[in-house]
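J.: for reference, the sequence and a predicted model appear below.
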Amino acid sequence: MRGPGFLEQLEQALPGAVAGSRLDALDPWIEVAPERLVDVCRWLREKSAVRFDAIECITAIDWFEPDPKKAAKVTWQPHTELVYHLWSTASRVSIVLKVNLPRWKGDVPGQLPEVGSVAGVWRGANWHEREVYDLSGVWFVGHPDLRRILCPEDWEGHPLRKDYEQPLEYHGIRGR
Amino acid sequence: MAPLIDDDPRIIEFDVRTDEMLVNMGPQHPSTHGVLRLVLRTDGEIVSEVEPHIGYLHRCAEKIGENLTARQWIPYTDRMDYLAAMNMNLGWSLAVEKLMQYQVSERARHLRVLIAEMGRIASHLVGMGAYGLDLGTFSPFLYAFREREKILDLFEEACGARLTYSYITVGGLTADLPHGWLRKCEEFLDQFEPIIQEYHALLTTNAIFVKRTAAIGVMSPELAIEYGCSGPVLRGSGVDQDMRRDGESIYTAMYEGYAFEVAVMKNGHYPRDHAYPPVPADAILGDCWHRFFVRMLEVVQSMDLVRQSIDRYAACKGPLGEPVKLTEKIPAGDAYLETECPKGQMGFYLVSDGSAIPWRVRARSSSFSNLAVTHELCRGCLIADVPAIVGSLDIVMGEIDR
């Protein structure tokens, strides 16, 4: 696995940063408190016994059911989940970080949820965070150049959100 | 960039400062491999900054994946890296199989190795030919496509398609090989093997080619790792990593028992460089030439693997097995798997709520991470080196924009 006492070391170094974990899952994951994410990433890259020197992927999952009938049956509360896949080149192991955010900051629709940017920890995270911002609508605080990457700059909305509605018209091009 | 010596013409370029100019390269520029737009900030011939703009080929593949079953999404993976569609199919199939804890038959496993490695040869041939094209030589492109055509013919015979195969699928493959296919494949390999030397004569050892690529766009291993580069781009910087050997067990189990050596420079030597041209004196580890050479060695490596898999596949008398149902339910949970595609490590992430349609699918593109490093490599290079650097990353826009 990730070496004996990996989680204990992390908890000792950064008390209160770990919000939960499943080390026996298909991909072992650690849930991190949103405000401690950057500290944890920095620790994993610079201090941990296994140095996670590469960021492979950042994903946002929108946990929201737009259909009220189905929404009554789901077991989770609506939220946005960020998933970070890290990789250690030297030790050839991976670890998954999960961060739970509200869907909207302060539950005000239109206000993007915020989390610290890890672009300062791994420069490769820059584009991944831009993509997550573009498609899933998460604001990365401290990102050097956070703007849309795949959609045009004047695009409205964040397409990978479950309640996203395709525009009727874009610069004279018919949608829907 | 190459170290400057006293009579280097670039010194004059550095001395004379002119007004900065913004030059737009692309999106319809032939050397940008699809629809990539680069905005160059130039001072005379020197490029001080490059900013890639992507997204011109964005087709919402991830959003579409949230409305289809896992097997129905296979054709969309074809259209990501359309030059190595077989490997894309394989990556997604394995990711789904990982979450389903599904094991394919032994026969399907060897057939997958065979097909995936043939796909790698085809992709590297395009990478090689197109790279020659970027640098202004047309003939290697034709020589490469002549051979790739034969691979496409073989693929067409196996699955009916020439570019977007959807052949490898969740739970196995859509069909077994037709009668006599293996013999044709062996004939192709025998015929193809001596041609590698032709390619080396055309490009690898070509004096102009070496001048254009050696010591250009040097990437340190640390930089490559930090940006999440993978595949030949990472190995060209001397990092010994190949997911076929170092990846997760579901993927490495596919290659279990196969003998291959990762194409990376160790102690100043590449595997097999006794049989192939030596590294030119000007080349620096991590430059365009090394990235190109790693691809050339991987073609030979893949040919070896194909030969091994033909024997193993032929020895398997058991059934191939049926792919899973189109509407097969996927257990709740999530799984992420990276496979070694020709362009680098392609990752697929799948989140399921227990129904047949995934809650979220995510494709982590290798070219996306490889391209993100361009602005670091191009800082301070000459304008003419920009196509050389971008070409050496061997990107495919279909995969970057998804």
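T.: Received, thanks. Numbers count the residues shown, from 1 in each chain, chains lettered A, B, ... in the order given.
J.: what does chain A have sitting close to chain B?
T.: A:25-27, A:53-57, A:59, A:61-62, A:83, A:85, A:87, A:89, A:92, A:94, A:96, A:122-124, A:126-127, A:135, A:148-152, A:159-160 (CB under 8 Å from any CB of the partner chain). Yep, even glycine has a C-beta here, placed from its N, CA and C like the rest.
J.: show me which of these are buried.
T.: A:26-27, A:53-57, A:59, A:61-62, A:83, A:85, A:87, A:89, A:94, A:96, A:122-124, A:126-127, A:135, A:148-151, A:159-160 (16 or more other CB atoms under 10 Å in any protein chain shown).
J.: contacts for the top helix by length along chain A, please.
T.: Longest helix in chain A, counting residues (DSSP state H): helix A:125-136. Defining contact as CB atoms under 8 Å, 6 or more residues apart in numbering or on different chains, one finds that helix A:125-136 is touched by A:55, A:57-60, A:62, A:80, A:82, A:112, A:117-119, A:138-140, A:143-151, A:155, A:158-161, B:62, B:368-369, B:372.
J.: what's the following helix or strand after it?
T.: Using DSSP states H and E, the helix or strand that follows helix A:125-136 in sequence is strand A:139-141.
J.: for the closest residue in space to A:Ala13 that isn't next to it in sequence, helix, strand, or coil?
T.: Distances taken as CB to CB, 6 or more residues apart in numbering or on different chains put A:Trp43 closest to A:Ala13, at 5.7 Å, once the chain neighbours are dropped. For A:Trp43, the assignment made with DSSP: H, G, I helix; E, B strand; the rest coil gives helix.
J.: quick one, helices of chain A?
T.: Using DSSP H, helices in chain A cover A:6-13, A:37-46, A:68-71, A:125-136.
J.: what's the most buried one of those?
T.: helix A:125-136 (a mean of 24; mean count of other CB atoms under 10 Å in any protein chain shown).
J.: and that one with helix A:37-46, angle?
T.: Inter-element angle recorded for helix A:125-136 and helix A:37-46: 140 degrees (by axes from the mean of the first three to the mean of the last three CA atoms, to 10 degrees).
J.: what mean pLDDT does the longest helix of chain A have?
T.: Here helix A:125-136 scores 92 as its mean pLDDT.
J.: one more: stretch B:115-134?
T.: Here the average pLDDT along stretch B:115-134 is 91.
J.: one step back: return the subset of the buried ones among the residues of chain A next to chain B lying in strands.
T.: A:54-57, A:59, A:61-62, A:83, A:85, A:87, A:94, A:96 (DSSP state E).
J.: need those in TSV with pLDDT, can you?
T.: Shown next, in TSV, are these (pLDDT from 0 to 100):
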residue	pLDDT
A:Ala54	89
A:Ile55	90
A:Glu56	89
A:Cys57	90
A:Thr59	92
A:Ile61	92
A:Asp62	91
A:Val83	93
A:His85	92
A:Trp87	90
A:Ser94	87
A:Val96	90
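J.: as JSON lines, those residues with distance to B:Ser139 would be great.
T.: JSON lines is the format used below for those (distance: CB to CB, whole Å):
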{"residue": "A:Ala54", "distance to B:Ser139": "38"}
{"residue": "A:Ile55", "distance to B:Ser139": "40"}
{"residue": "A:Glu56", "distance to B:Ser139": "38"}
{"residue": "A:Cys57", "distance to B:Ser139": "39"}
{"residue": "A:Thr59", "distance to B:Ser139": "43"}
{"residue": "A:Ile61", "distance to B:Ser139": "49"}
{"residue": "A:Asp62", "distance to B:Ser139": "51"}
{"residue": "A:Val83", "distance to B:Ser139": "47"}
{"residue": "A:His85", "distance to B:Ser139": "42"}
{"residue": "A:Trp87", "distance to B:Ser139": "40"}
{"residue": "A:Ser94", "distance to B:Ser139": "43"}
{"residue": "A:Val96", "distance to B:Ser139": "47"}
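J.: helix/strand/coil for B:Pro75?
T.: helix.
J.: can you pull the contacts of the residue lying closest to it once chain neighbours are set aside?
T.: Spatial nearest neighbour of B:Pro75, chain neighbours left out: B:Ser166 (5.0 Å); criterion: CB to CB, 6+ apart. Listed by CB under 8 Å, 6+ apart, the contact set of B:Ser166 reads B:74-75, B:78, B:85, B:89, B:159, B:174.
J.: check which helix or strand B:Ser166 maps to.
T.: Judged by DSSP H and E, B:Ser166 forms part of no helix or strand.
J.: from chain A, how far out is it?
T.: Applying CB to the nearest CB, to the nearest Å, the value for B:Ser166 to chain A is 24 Å.
J.: so the closest residue to B:Ser48 other than its chain neighbours is in which element?
T.: Of all residues beyond its chain neighbours, the one nearest B:Ser48 is B:Arg41 (5.0 Å), with distances taken as CB to CB, 6+ apart. Element membership of B:Arg41, judged by DSSP H and E, is strand B:37-43.
J.: that strand packs against which elements?
T.: Secondary-structure packing of strand B:37-43 (3 or more CB pairs under 8 Å, 6 or more residues apart in numbering or on different chains; DSSP states H and E): strand B:20-25, strand B:46-53, helix B:385-392.
J.: by mean pLDDT, point me to the weakest helix or strand of chain B.
T.: Here the helix or strand of chain B ranked lowest by mean pLDDT, DSSP states H and E is helix B:10-15, holding a mean of 57.
J.: report the separation between B:Glu66 and B:Pro358.
T.: Noted for B:Glu66: a distance of 7 Å to B:Pro358, by CB to CB, to the nearest Å.
J.: more crowded one of those two?
T.: Neighbour count, other CB atoms under 10 Å in any protein chain shown: between B:Glu66 and B:Pro358, B:Pro358 has more, with 24 against 17.
J.: relative to chain A, how far out is that one?
T.: With CB to the nearest CB as the criterion, B:Pro358 and chain A are 11 Å apart.
J.: could you tell me the phi and psi values at that residue?
T.: Torsion angles at B:Pro358 (phi, psi; degrees, to the nearest 10) stand at phi -60, psi 150.
J.: isn't it right up against B:Ala335?
T.: No. If you go by CB atoms under 8 Å, B:Pro358 and B:Ala335 don't touch, sitting 10.4 Å apart.
J.: for the residue nearest to A:Ala13, report the pLDDT, please.
T.: 88.
J.: ok, what's across the strand from the most centrally placed residue in chain A?
T.: Centroid-nearest residue in chain A: A:Leu82, 2.3 Å away (criterion: CA atoms, centre = their mean). Beta-bridge partners recorded for A:Leu82 (DSSP bridges): A:Ala60, A:Val99.
J.: that one is in contact with A:Thr59, isn't it?
T.: Yes. Using CB under 8 Å, A:Leu82 makes contact with A:Thr59 at a distance of 7.2 Å.
J.: now render the helices and strands packed on strand B:37-43 as TSV, adding mean pLDDT.
T.: Below are the helices and strands packed on strand B:37-43 laid out as TSV (pLDDT from 0 to 100):
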stretch	mean pLDDT
strand B:20-25	85
strand B:46-53	88
helix B:385-392	89
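J.: including distance to B:Cys185 and mean neighbour count, could those go into CSV?
T.: Shown next, in CSV, are these (distance: least, CB to CB, whole Å; neighbours: other CB atoms under 10 Å in any protein chain shown):
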stretch, distance to B:Cys185, mean neighbour count
strand B:20-25, 40, 12
strand B:46-53, 38, 18
helix B:385-392, 30, 25
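J.: closest one to B:Gln197 among these?
T.: helix B:385-392 (21.8 Å; CB to CB).
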